[in-house]
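**Student:** dropping the sequence and predicted coords here.
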Amino acid sequence: MAEFVDQFTRVVDQLSRSGGGRVEFADQPMPEGANPVRASVTVIVDKASKFVALKVRPRVHCDSAGEEVRQWLHHTECRFPNSAVACSWVTANLLTLYAQPASSVGHGVSGQAYSNDSLTDVDAVEALRSRTEDQVIHLKAEDVTRELGREVFGQDHVLPSLAERIVRHLARRSPRRPCTLWFAGTTGVGKTKSAEVLPKVIKCLMPEGRGYATTRLDMSEYGEAHRRSQLLGAPQGYVGHGEGAQLTDALAANPRHIVLFDEIEKAHPTVLQTLMNAMDAGRLSTSARNASGTREINCCQSVFIFTSNLENESLVDEATRQDAFDDPAQIDQLCRRGLHSAGIAPELIGRIGAFLLFKPLSERAMAHVVALAVRNLGEEYGVRIEYIDPAVVAAILDQTSSHCFGARPYEYAADSLLGGIFAEAATRDTRMPFRIIAGDPPRCIPVNNCAGLLSEGDGKEGIA
C-alpha cells in the first residue's frame, strides 16, 4: 500500500483543522504497470475555500487503472470540493486499486475462512513499530554531507558542519532538547533547500527507520500576539479551540521533525517566548490532550532551524573580509554579535546550538542550480531530461545579470525559455528521455533522435 493512500484521510483531516496547507509524499510506488513506477504525491487543502487537491509529479501512464485514476495520473492533478468527497474518491478508486494484487491471491479458492489473527502476528507488529519509533539513527557525517551535496550546491564549507550537528543529534537515545540551528546568508543560496533535503537524506541513508518529516513556517504570519494559537492551538473557551494547530499537530503526528522557522525576526515576542521554552525544555504545552492523555508534546527529537534576513549582507561581507567561512568558531561569534546588534533577543540567540553562514553562489554553483532547475521543470511537464546543452544553461544565466537574488530568478528564467518546448514535448511519448539542444529557440529532442545531432563534431560536454 502506498503511504499517501494509507494516510490520506488522517492528513486531510489534520490539514483541514490546521486551516489548510500541503503535505508531500516523496518517491511513492505507483500502481502495477505504471510508468514511471514511482512519483511524488502532494495533498493540498486550500485555506480559503477548503477544496482538496491531489497532485502527482511527474506525469504517470498506467493502463491498468480505471478511467478516473488514469485521468488523474495523466493530467497530474484532481480537485475535490471538500475533504469528504476527496476521501470517498480515494477510498473508492485508489484503495481498491492498490489492494488488487493482495485480493487476487484468493482467486479460485472457495469455502475457506481466514481470521485476522491467522494473517499476522499482531504482537510482533506492535513490537516492531515500538522498536522503530525508539530507534536511534546512526549515520556517518561524510555520508550525510555527500547526499546533501547532490542538491545543495556551492556550500561545501557549511554542509560538513550541518551534517555533523545532525548526526550527533540523531545518535542520542534520550536528547534533553531539540537540535537548534541558525542559517544565515543572503537570499536564494540554499538555506531553505538544505532544510527540505535533510529528511530525504536521512530516509535515503536509513530506509528501514522511521523517517523525519519537515514543516516550514513563515514567521511573518505570526507577527501578532494572538497568532500564537495558530501554532499551539486556542485555549478552551476561545474561538478556534479544537481546530488544530500547525506546529503541535505536526509534532504530534511525528515527533521526529525538522521545523524551519523562516524569517524569525518577524514573529511576535509572545511567539518567540513559546519557542524559547520549547528550545530549552524540549516540550510544548498544548490546549488539547494528546494520545497519552497529557497536554504536552515532546519535541526533543526534533530539529529547529531558524533563518533571518537581518544583517545577512554585513555578516557575509565581514566573513569574506576576515576569510572566516571555514572557521566555525569565528562564524559563530560573528553571527551572535551581528544578530544581537540587529535586535534579536539575547535569550533566543543564547539557545541556538550553531550558526551556519551560507556563501553567495559562485558561477559554477549557479550552473549546477540551473541544470537541476531545468530537470525539475521538465518533470513538472512529465518530461524526463537526460542531457542539457551547456549553451542552454549559459543562456539562462545570461538572462539575469544580478546574483544578489540568488538562484530563484534563474528558475523563473528557465521556465520562460523552456516552458514552451516542454509543453510541446509533453504531447509526445514521455516514456522516452529527452535532450535539450541549443538553438533559437532551443529544442527538446527524444534521445533516439539525437545521435546525428551529437555526432556533428562540436565535441561539447553536456550537463546530465
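**Tutor:** Looks like it arrived, so ask away.
**Student:** and the helices in the stretch 151-300 of the chain?
**Tutor:** 159-170, 191-205, 228-232, 246-253, 269-281 (DSSP state H, counting those that start in this stretch).
**Student:** ranking those helices by burial, who's on top?
**Tutor:** Per-stretch averages of neighbours, counted by mean count of other Cβ atoms under 10 Å, single out helix 246-253 among those, with a mean of 22. All C-beta atoms are positioned from the backbone trio N, CA, C, and that covers glycine.
**Student:** rewinding a little: to residue 351, which of the helices of the stretch 151-300 of the chain lies closest?
**Tutor:** helix 269-281 (4.4 Å; Cβ to Cβ).
**Student:** from the chain's centroid, how far away is the closest one?
**Tutor:** Centre-to-centre, helix 269-281 and its host chain are 24 Å apart (Cα atoms, centre = their mean, to the nearest Å).
**Student:** just the mean pLDDT for that helix, thanks.
**Tutor:** Averaged over helix 269-281, pLDDT sits at 84.
**Student:** what is the stretch of helix or strand residue 314 belongs to packed up against?
**Tutor:** Assigned by DSSP states H and E, residue 314 falls within helix 312-322. Counting contacts by 3 or more Cβ pairs under 8 Å, 6 or more residues apart in numbering; DSSP states H and E, helix 312-322 packs against helix 328-341, strand 354-357.
**Student:** for those, which one ends up most surrounded?
**Tutor:** Greatest average neighbour count among the helices and strands packed on helix 312-322 goes to strand 354-357 (a mean of 22), per mean count of other Cβ under 10 Å.
**Student:** distance from the chain centre to whichever helix or strand comes after that strand, please.
**Tutor:** Using DSSP H and E, the next helix or strand after strand 354-357 towards the C-terminus is helix 363-380. Chain-centre distance of helix 363-380: 17 Å, with Cα atoms, centre = their mean.
**Student:** what's next to helix 363-380, contact-wise?
**Tutor:** Contact partners of helix 363-380, identified using Cβ atoms under 8 Å, 6 or more residues apart in numbering, comprise 57-58, 151, 153-155, 361, 384-385, 388, 392-393, 396-397, 403, 407, 410-411, 414-415, 418-419, 422, 434, 436, 463.
**Student:** save the helices of the stretch 151-300 of the chain as CSV, and put in distance to residue 75 too.
**Tutor:** Putting these into CSV (distance: least, Cβ to Cβ, whole Å) gives the following:
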stretch, distance to residue 75
helix 159-170, 38
helix 191-205, 26
helix 228-232, 33
helix 246-253, 30
helix 269-281, 40
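**Student:** out of the ones you listed, which is closest to residue 10?
**Tutor:** Judged by Cβ to Cβ, the one of the helices of the stretch 151-300 of the chain that comes nearest to residue 10 is helix 246-253, at 7.9 Å.
**Student:** mind giving me the packing neighbours of that closest one?
**Tutor:** Against helix 246-253 (3+ Cβ pairs under 8 Å, 6+ apart) you get helix 3-17, strand 213-218, helix 228-232, strand 257-262, strand 283-285, strand 296-298.
**Student:** okay, the ones you listed, which one's buried deepest?
**Tutor:** strand 257-262 comes out most buried of the helices and strands packed on helix 246-253 by mean count of other Cβ under 10 Å, with a mean of 23.
**Student:** hmm, back to that, which of the contacts of helix 363-380 count as buried?
**Tutor:** 57-58, 151, 153-155, 361, 384-385, 388, 392-393, 396-397, 403, 407, 410-411, 414-415, 418, 422, 434, 436, 463 (16 or more other Cβ atoms under 10 Å).
**Student:** coming back round to it: and the contacts of helix 363-380, which of them are in strands?
**Tutor:** 57, 385, 388, 434, 436 (DSSP state E).
**Student:** picking that back up, gap between the helix holding residue 314 and the chain center?
**Tutor:** Using Cα atoms, centre = their mean, the offset of helix 312-322 from its chain centre is 29 Å.
**Student:** least confident of the helices of the stretch 151-300 of the chain, on average?
**Tutor:** helix 228-232 (a mean of 77).
**Student:** what about the stretch 351-464 of the chain, any weak spots by pLDDT?
**Tutor:** 401-406, 430, 449-464 (pLDDT under 70).
**Student:** per-domain residue ranges of this structure.
**Tutor:** If you go by automatic domain parsing, the domain ranges for the chain are 3-101, 136-357, 363-454.
**Student:** end to end, how far does stretch 78-92 reach?
**Tutor:** 15 Å (Cα to Cα, to the nearest Å).
**Student:** please identify the buried residues of it?
**Tutor:** 78, 80, 83, 86, 87, 89, 90.
**Student:** now the fifth one: which helix or strand?
**Tutor:** Assignment of secondary structure by DSSP H and E places residue 87 within helix 83-89.
**Student:** what packs against that helix?
**Tutor:** helix 3-17, strand 52-57, strand 77-80.
**Student:** for the last one, name the packing helices and strands.
**Tutor:** Judged by 3+ Cβ pairs under 8 Å, 6+ apart, the packing partners of strand 77-80 are strand 52-57, helix 67-75, helix 83-89.
**Student:** touching, residue 147 and residue 205? I think so.
**Tutor:** Yes. Between residue 147 and residue 205 there is a contact under Cβ atoms under 8 Å: 6.6 Å.
**Student:** middle-most residue in this structure, spatially?
**Tutor:** Nearest residue to the geometric centre of the chain (Cα atoms, centre = their mean): residue 196, 4.1 Å.
**Student:** do you know how far that one is from residue 260?
**Tutor:** 8 Å (Cβ to Cβ, to the nearest Å).
**Student:** ok, now residue 364?
**Tutor:** 27 Å.
**Student:** looking at the helices of the stretch 151-300 of the chain, which is closest to residue 328?
**Tutor:** helix 159-170 (5.4 Å).
**Student:** for the closest one, packing partners?
**Tutor:** Judged by 3+ Cβ pairs under 8 Å, 6+ apart, helix 159-170 is in contact with helix 141-148, strand 179-184, helix 191-205, strand 354-357.
**Student:** okay, the ones you listed in a markdown table with distance to residue 19 next?
**Tutor:** Formatted as a markdown table, the helices and strands packed on helix 159-170 follow (distance: least, Cβ to Cβ, whole Å):
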| stretch | distance to residue 19 |
| --- | --- |
| helix 141-148 | 32 |
| strand 179-184 | 26 |
| helix 191-205 | 22 |
| strand 354-357 | 31 |
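**Student:** select, out of these, the one closest to residue 27.
**Tutor:** Per Cβ to Cβ, nearest to residue 27 of these: helix 191-205, 8.3 Å.
**Student:** picking up where we left off before, tabulate the helices and strands packed on strand 77-80 (CSV), appending mean pLDDT.
**Tutor:** Shown next, in CSV, are these (pLDDT from 0 to 100):
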stretch, mean pLDDT
strand 52-57, 89
helix 67-75, 86
helix 83-89, 87
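**Student:** many thanks, have a good one.
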